[in-house]
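Novice: sharing a sequence plus its predicted fold:
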Amino acid sequence: MYCETAALLLWDMKKSTLMIDKAADSTPEELPLGTRLSIENTRLAIERTVMAWVRTGTSMITFGFTIYKFFQMELMKTGC
């Protein structure tokens, strides 16, 4: 389930990025101001989403190391 969700998210991000790149290839004079702002807003939203995923992953890894060290110290106290 997780792999399917992650793959779907990455596919959707790639599709959005391709649409943004295609629109960005046209000269700025060809696009109305509203469209240019929408494209920039979408690009920034994609960056925020990726940064949130990285931040969450890093936090979970750090939490896992903390739990590991906690139980390692508990085992040393009991002498097992």
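Specialist: The structure has been received and is ready for your questions. Numbering: from 1, shown residues only.
Novice: all helices for this structure, in order.
Specialist: 2-25, 33-78 (DSSP state H).
Novice: flag every buried residue along stretch 38-56.
Specialist: Of all the residues in stretch 38-56, those buried under the rule 16 or more other C-beta atoms under 10 Å are Ile39, Arg43, Ile46. Heads up, the C-betas are built off the backbone N, CA and C, glycines and all.
Novice: between the residues you listed, which is closest to Glu74?
Specialist: Ile46 (42.7 Å; C-beta to C-beta).
Novice: Leu75 and Lys69, how far apart?
Specialist: Using C-beta to C-beta, to the nearest Å, Leu75 is found at 11 Å from Lys69.
Novice: dump the buried residues of stretch 38-56 to TSV, plus pLDDT.
Specialist: Listed next are the buried residues of stretch 38-56 as TSV, based on pLDDT from 0 to 100:
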residue	pLDDT
Ile39	89
Arg43	92
Ile46	93
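Novice: show me which of those residues is closest to Leu33.
Specialist: Nearest to Leu33 among those: Ile39, at 10.9 Å, using C-beta to C-beta.
Novice: ok, the closest one to Ala52 distance?
Specialist: Applying C-beta to C-beta to Ile39 and Ala52 gives a distance of 21 Å.
Novice: and Gly64, by the same measure?
Specialist: 19 Å.
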